[in-house]
Each structure stands twice: as C-alpha cells, then as structure tokens.
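>>> Quick check, what structure comes out for this input:
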Amino acid sequence: MFLKPVKVKSNNQLKGTERKKLCEDVVSAFPSLTDSDVQNLLPKKEAISFMKVVTHSGEICKLYCVAKIPMFFQLDQSTIPLFPTIYTLWQHPNLLYTFKTHRSVIPKLASGASLMLPGVILDGPPTFRSYGKLEKNTPVSVITEDNIAAVAVGVTSHSSEDMYMSGGRGKCVDILHVIGDMICQLGKPPARPQLDPAPEKIDETTDNQDSNESIDVSDNKLDSADAKELTESINTTDNENNSNETVQTNEETLDLIDEEVDPVKEMDKLLEYCFLKACKVLKKSELPLLSSSFFKNHLIVACPSGQVVDIKKSSYKKLSVFLADMKAKGVIDTTILKGVESITYIKTEHSLLKELVINESAEASQLNKSSNTPVVAECFKVTADVLPVLSKFGYEKGDVMKRPEIRKCFTEYVKKENLQDGKILKINPQLADILRTKESVLTLTMEDGINKFIGRMTHTHEITVAGTKLLHTGKLEPIDITVASRCNNKKVTLVNNLEMFGIKLDEFSKECQVIGASATITDIPGKKTPSVLVQGNQVLYVYKLLTDKYRINKNYIRGLEFAPKKRK
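Numbers count the residues shown, from 1 in each chain. The predicted model follows:
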C-alpha cells in the first residue's frame with residue numbers, strides 16, 4: 001500500500017486536547033496496553049505530528065509520528081480505528097496476532113506480494129486452530145522464524161476456519177505496511193532490532209508424570225523380573241537416542257562452524273549487498289560515472305556500520321572483475337574509454353535490485369549526501385491518453401515517470417512499429433489519436449513527436465528531502481521573497497512557499513535570527529501557506545541562505561529584485 005511515493009497533504013503538530021484524544025484511541029484499540037505503556041509510546045516531552053497523506057492508489061491515510069518515527073496509521077475507508085507500525089510492534093511484539101514466515105519471504109512482501117499460506121510456518125501439523133481464531137480483515141503482523149521483530153502489518157485475507165479448510169493454499173495476509181516502504185522512509189526510524197523468540201515452556205510436572213507412568217508397571221500386573229527387563233529396555237533406548245541426538249547436534253555444529261569461517265564468501269556477500277544498495281539509491285542523472293568514483297563515493301558509503309568492504313579479500317580480487325560479473329548478470333552496463341571504465345546504465349527493474357531489502361533505514365537516508373537539500377525533479381503522470389503505448393512497458397495509469405524514461409519507451413515503441421525514418425516520425429492511427437494531429441499531418445520530427453506525447457501527460461514535480469518524496473501536480477511555485485512596510489515605515493522581509501521544498505519554518509526562522517533580526521512565522525492574506533517574517537530588508541541574506549545552505553536552485557527563488565540597492 002505504501003510501496004510507491006505518497007503525497008503529503010498536511011503535516012501538523014498535535015495540540016494538548018488532540019494528544020489526549022490519541023491516547024484514548026490507542027487504549028481503546030489496544031486494551032492490552034497499560035497507561036505506562038501508552039505513556040512510553042506517546043511521551044509527553046516528545047512532539048507528536050499528524051500527517052495526512054495520499055497513497056499512489058488515491059487512498060487517504062493518517063499517520064501519527066513521535067519524534068519523527070511513525071507509530072500508528074489509520075485508513076480513511078477502514079472500520080479499524082488504528083494500525084500499529086512495525087516500530088510500535090518492535091516495542092510490543094504481542095500487540096497483534098502474528099504469523100511466522102521464512103526470512104527469504106521478506107523481499108517478496110517488500111515488492112508488493114501478499115503473505116501466502118504456503119509461506120506460513122506452523123508450530124506442528126495443521127489443526128483446526130493452527131491459524132488462530134480470527135475473522136476476515138483482522139489486523140495481524142508478520143514475523144520471521146529467527147526474529148520476532150515484525151516485518152509487516154496487514155489484515156487477514158480469510159477467517160481462520162477458511163484458511164484451515166483451504167488445505168494450505170491461497171492468501172493468508174493482505175499486506176498494508178512492510179519494512180522498507182514509504183512509511184519507513186519518513187523521518188529517521190531505527191533499524192530492525194534482533195528480538196529472539198521466546199523459549200518454549202517445559203511442563204516438568206507432565207514430564208515427570210509421563211516418566212513415572214512409563215516405568216510404573218504395578219497396575220499392569222507384571223512380575224518383578226518383567227518390570228526390571230522393561231525398565232532396562234527403556235533406559236537403553238533413551239541412551240541410544242540421546243547418543244544419536246548428540247552426534248547429530250555435533251555434526252550440525254561443525255557444519256555451521258565450517259560455513260561461518262569462510263571469510264571469502266562473507267566478503268562476496270557484503271560486496272554484492274553494498275553494490276546493489278548503492279545502485280538502488282544512485283540517481284540516473286549521475287550516470288555515466290567512473291567505476292573508481294562509484295566504488296569510493298557510493299559503494300563504500302553503502303557499507304553497514306561496523307563492517308568494512310575490502311575487495312582484495314573477496315573472490316574477485318579486483319573491482320573490474322566484480323563489475324564484469326555484475327554486467328554479465330544484467331544489473332549494469334559499462335564502457336571503457338582510453339583504458340578508463342565507466343558505469344553507463346543501471347537496470348532498476350532487475351530482480352536483484354527489486355528483491356533487495358535495506359534494513360539500515362538510518363544509513364539509507366545518509367546516502368543522500370545532503371539530507372536537508374531538496375532535490376527537485378520534473379516528472380509526468382501516466383494518463384489515459386498515453387496509456388495504450390506505455391502499458392506495453394508495464395506502466396499503469398497514475399504512475400510517475402521522468403522524461404528519460406518516457407523518451408526510452410516512446411523510442412522503443414516507434415522502432416517496434418517501424419515508424420522511424422531517420423529523424424522523421426511516421427504517424428500511425430494510434431499515435432494520431434494520442435497526439436491529436438490533423439488528418440493532413442502524416443509525419444513529424446522525432447523530437448516534436450516526443451514533446452507532443454509528453455504534453456498529453458500530467459506535469460508534476462518530485463521533491464526529495466531526507467529520503468522523503470513529495471509529489472506536486474502542476475506548476476511548481478518558487479520560493480517567494482517580498483519586502484513590505486509595517487508601522488513607522490519599518491521594512492520586513494516575507495518568505496513564502498518554503499514548506500513546498502521540504503524546509504521547516506521553525507528551523508528556517510532560527511537561521512534568520514543569526515544576523516540579529518527577529519523572525520517569526522505568520523499567516524499572510526492571500527497566501528495559502530504560512531510565511532517567515534524577518535525584520536528589515538534581509539533579501540540578500542535569505543537568498544544566500546537558500547542557495548548556500550539549503551542548495552535551492554536559483555531558478556526556484558523569486559524576489560531578488562527587492563534587495564537593497566547598492567549606493568554609488
């Protein structure tokens with residue numbers, strides 16, 4: 001549900017009465033939580049923000065974040081009051097009924113798949129109550145066999161009885177929220193902890209009774225010789241079983257030791273993980289990129305804390321050999337010019353990249369070199385007009401694409417339909433309908449055809465700040481700097497549209513106070529969003545602050561003409 005970028009409609013801090021209402025809702029939704037538990041989840045000293053977002057599919061969702069960590073979410077059309085996020089479940093693993101699965105299933109869940117019944121690990125053979133006593137659409141969590149820290153939250157696809165009657169086939173859980181999705185990319189959430197499964201309780205009373213019953217033969221009227229023979233037989237069998245179990249355990253332990261002491265294989269795994277992680281966050285605009293620069297500035301940076309990538313300790317020994325292997329697998333494409341190798345293309349749809357799960361959430365956000373720097377990218381939404389062409393390449397209505405991706409799809413379509421003659425584009429009936437050309441127009445230049453095709457899509461802008469992507473449809477309003485007069489003809493500088501670029505107003509106002517001028521947040525008539533008001537004509541300082549610290553492109557700043565004129 002949150003796998004694709006979401007649009008943030010509002011982001012406000014909860015007031016006192018709203019915090020109290022949220023605490024009451026949490027207690028009502030999760031009666032097992034004590035007052036102390038609720039206070040730990042929603043501390044009074046921490047700011048709680050309320051975000052309203054629109055998912056890629058158009059659903060409205062409410063998010064409650066504590067210290068920038070998402071803790072609860074609520075679906076607009078759902079009858080369920082609140083869902084806990086995985087971060088809440090990491091503190092209270094038993095808050096929801098859990099289904100256990102294999103660790104290898106996580107990438108499939110992270111790519112949008114539901115948890116299927118064959119992937120559920122049961123405690124013993126299937127019984128009528130193996131899947132609990134749940135109704136359909138009951139909130140549940142998903143854990144793995146080696147860690148009870150939740151990896152996903154969803155609702156049951158069927159009732160427990162229907163799951164049992166299905167014979168282990170079909171859906172089990174419809175996933176709503178999974179580790180690595182857009183919720184996990186909000187703020188700075190922690191990495192998944194290692195919560196060991198609770199040890200199974202051994203009923204000593206029952207064991208003793210069973211032991212006594214197996215040896216007590218007086219009720220069966222056996223004589224003392226028969227009883228002695230039976231007892232010796234049981235002891236001998238137990239000793240043999242214990243001996244076999246000991247040998248088997250020792251063999252398994254040796255196998256595990258053999259696997260763990262192979263440093264070459266471990267380094268190969270670490271190298272491939274860091275390579276794929278770097279490829280996943282690398283922007284297409286940075287290509288082509290020298291392989292040496294990629295290794296130094298991206299691959300090494302992607303290494304988890306506490307570990308070191310040393311390619312000489314891997315089986316590849318050299319970076320060129322490793323890149324050749326990745327190229328053979330189809331992950332990347334490289335070229336060599338004058339003896340220097342560069343990475344020219346990364347196949348983002350490759351299975352190795354799609355199945356990769358980055359667990360170091362905090363580190364993933366650090367891969368953006370300037371986490372506070374808004375990155376503005378021009379994008380276009382797929383509309384019904386262009387869907388007949390783009391659907392051939394796996395895109396759906398509403399998907400967001402960038403110009404290079406659209407150009408690539410359009411060019412491939414033209415070549416496949418044999419419509420290109422040099423720089424001339426022949427217009428077939430399908431293109432004529434999409435581009436809405438006149439009947440007399442039979443050809444266009446390729447460039448005009450691409451531009452007209454893109455013109456049939458919805459113009460949007462994607463702004464990425466600290467790993468969070470914000471989508472804005474239509475024209476992107478620049479940051480507006482104006483100068484106004486107040487009482488006694490005193491000048492003030494007003495800065496508007498900062499939030500559009502992910503800049504927090506309170507932080508920006510504090511930055512402006514460095515120069516000794518007071519700065520406040522205020523509402524200006526005629527403006528849709530609050531503005532920062534700075535005493536005096538501070539246009540030059542504000543402009544420099546936006547371009548130097550926040551790295552805002554000057555094309556997205558308006559109002560420099562209001563700066564004080566230099567005296568001659």
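>>> for the record, mean pLDDT for the longest strand seen in the chain?
Under DSSP state E, the strand in the chain containing the largest number of residues is strand 147-156. On average, the pLDDT along strand 147-156 is 94.
>>> Packing partners of that strand?
helix 86-91, helix 106-110, strand 139-144, strand 171-178 (3 or more C-beta pairs under 8 Å, 6 or more residues apart in numbering; DSSP states H and E). Using the backbone N, CA and C atoms, a C-beta is placed for each residue, glycine as well.
>>> That strand pairs with which strands, and in what direction?
Using DSSP bridges, strand 147-156 pairs in its sheet with strand 139-144 (antiparallel), strand 171-178 (antiparallel).
>>> and N137, that's in a helix?
No. Assessed with DSSP: H, G, I helix; E, B strand; the rest coil, N137 is coil; it does not lie in a helix.
>>> Chain neighbours aside, what residue packs nearest to it?
Residue nearest to N137 in three dimensions, not counting chain neighbours: V155, with 4.7 Å by C-beta to C-beta, 6 or more residues apart in numbering.
>>> The one you found bridge partners, please.
P139, D174.
>>> got it, and I60?
Judged by DSSP bridges, the bridge partners of I60 are V54.
>>> what residues are up against it?
The contact partners of I60, taken as C-beta atoms under 8 Å, 6 or more residues apart in numbering, are 9, 52-54, 75-76.
>>> let's see it at 10 Å
By C-beta atoms under 10 Å, 6 or more residues apart in numbering, the contact set of I60 is 9, 52-54, 74-77.
>>> and what of C172?
By C-beta under 10 Å, 6+ apart, the residues touching C172 are 99, 101, 114-120, 131, 140, 142, 154, 156-158, 163, 166.
>>> list the contacts for Q91?
With contact set as C-beta under 10 Å, 6+ apart, Q91 has these partners: 37, 40-41, 71, 84, 149, 193, 195.
>>> where's it relative to D333, distance?
45 Å (C-beta to C-beta, to the nearest Å).
>>> just R103 next, same as before
R103 is 31 Å from D333, by C-beta to C-beta.
>>> of these two, who's got more company?
In this view R103 and D333 are compared by other C-beta atoms under 10 Å, and D333 has more residues nearby, 15 against 12.
>>> So which residues of the stretch 351-500 of the chain form strands?
375-381, 400-402, 420-421, 424-426, 443-445, 458-465, 468-473, 479-485, 491-496 (DSSP state E, counting those that start in this stretch).
>>> Tell me which of those strands is the most buried.
strand 491-496 (a mean of 22; mean count of other C-beta atoms under 10 Å).
>>> That one packs against which elements?
Strand 491-496 sits against strand 479-485, helix 505-512, strand 519-522, strand 531-535, helix 539-548, with contacts defined as 3 or more C-beta pairs under 10 Å, 6 or more residues apart in numbering; DSSP states H and E.
>>> Could you list the paired strands of the shortest one along with their orientation?
This means strand 519-522. By DSSP bridges, strand 519-522 pairs with strand 531-535 (antiparallel).
>>> what residue ranges in the stretch 351-500 of the chain score low on pLDDT?
359-373, 465-469 (pLDDT under 70).
>>> try it again with 90
Where the stretch 351-500 of the chain drops to pLDDT under 90, the residues are 351-379, 392-403, 421-423, 436-442, 459-478, 485-490, 497-500.
>>> Need the strands of the stretch 351-500 of the chain in TSV (columns: distance to G526).
Conversion of these to TSV gives the following (distance: least, C-beta to C-beta, whole Å):
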stretch	distance to G526
strand 375-381	25
strand 400-402	31
strand 420-421	50
strand 424-426	45
strand 443-445	43
strand 458-465	23
strand 468-473	20
strand 479-485	11
strand 491-496	10
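>>> Return the member of the contacts of I60 nearest to K283.
When these are compared for distance to K283 (C-beta to C-beta), V53 wins out at 23.5 Å.
>>> Please name the nearest non-neighbouring residue to that closest one.
V6 (4.4 Å).
>>> cool, and K133?
For K133, the spatially nearest residue (C-beta to C-beta, 6+ apart) is S160, at 5.7 Å.
>>> So the one you found versus V153, what's the distance?
With C-beta to C-beta as the criterion, S160 and V153 are 18 Å apart.
>>> Between these two, tell me which one has more neighbours.
Using other C-beta under 10 Å, the more surrounded residue of S160 and V153 is V153, with 26 against 19.
>>> Could you pull up the residues touching the more buried one?
V153 touches 1, 73, 83-86, 88-89, 95-96, 139-142, 173, 175-179, 183, counting by C-beta under 10 Å, 6+ apart.
>>> Could you rerun that using 8 Å?
Counting by C-beta under 8 Å, 6+ apart, V153 has contacts 83-86, 89, 96, 139-142, 175-178.
>>> do T101 as well
115, 119-121, 142-145.
>>> at 10 Å instead, please
By C-beta under 10 Å, 6+ apart, the neighbours of T101 are 108-109, 115-116, 118-121, 142-145, 151-152, 172-173.
>>> how close does it get to C61?
Plainly put, T101 is 25 Å away from C61 if you go by C-beta to C-beta.
>>> now Y345
For Y345 relative to C61 (C-beta to C-beta), the value is 35 Å.
>>> likewise E355?
Distance from E355 to C61, by C-beta to C-beta: 26 Å.
>>> of these two, who's got more company?
Shown here are E355 and C61; by other C-beta under 10 Å, C61 has more neighbours (23 against 14).
>>> Where do the helices of the stretch 151-300 of the chain begin and end?
160-165, 204-215, 224-260, 263-281, 291-294 (DSSP state H, counting those that start in this stretch).
>>> Show me what the shortest one packs onto, helices and strands only.
Pointing back at helix 291-294 there. Partner elements for helix 291-294 (3+ C-beta pairs under 10 Å, 6+ apart): helix 263-281, helix 319-328, strand 332-337, strand 340-346.
>>> and stretch 525-535, which residues are buried?
By neighbour count on 16 or more other C-beta atoms under 10 Å, the buried set for stretch 525-535 is 531-535.
>>> In TSV, list the residues you listed along with pLDDT.
Shown next, in TSV, are these (pLDDT from 0 to 100):
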residue	pLDDT
S531	90
V532	92
L533	91
V534	91
Q535	90
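>>> quick one: which of those is nearest to K312?
The closest of the buried residues of stretch 525-535 to K312 turns out to be V532 (C-beta to C-beta; 52.2 Å).
>>> ok now do the closest one, which residues does it touch?
V532 sits next to 481, 493-496, 498, 503, 505-506, 508-509, 511-512, 519-522, 542 when contact means C-beta under 10 Å, 6+ apart.
>>> Would you mind listing which of those residues are buried?
481, 493-496, 498, 503, 505, 508-509, 511-512, 519, 542.
>>> Which single one of the residues you listed is nearest to S285?
Distances from S285 to the buried ones among the contacts of V532, taken by C-beta to C-beta, are shortest for I503, at 22.0 Å.
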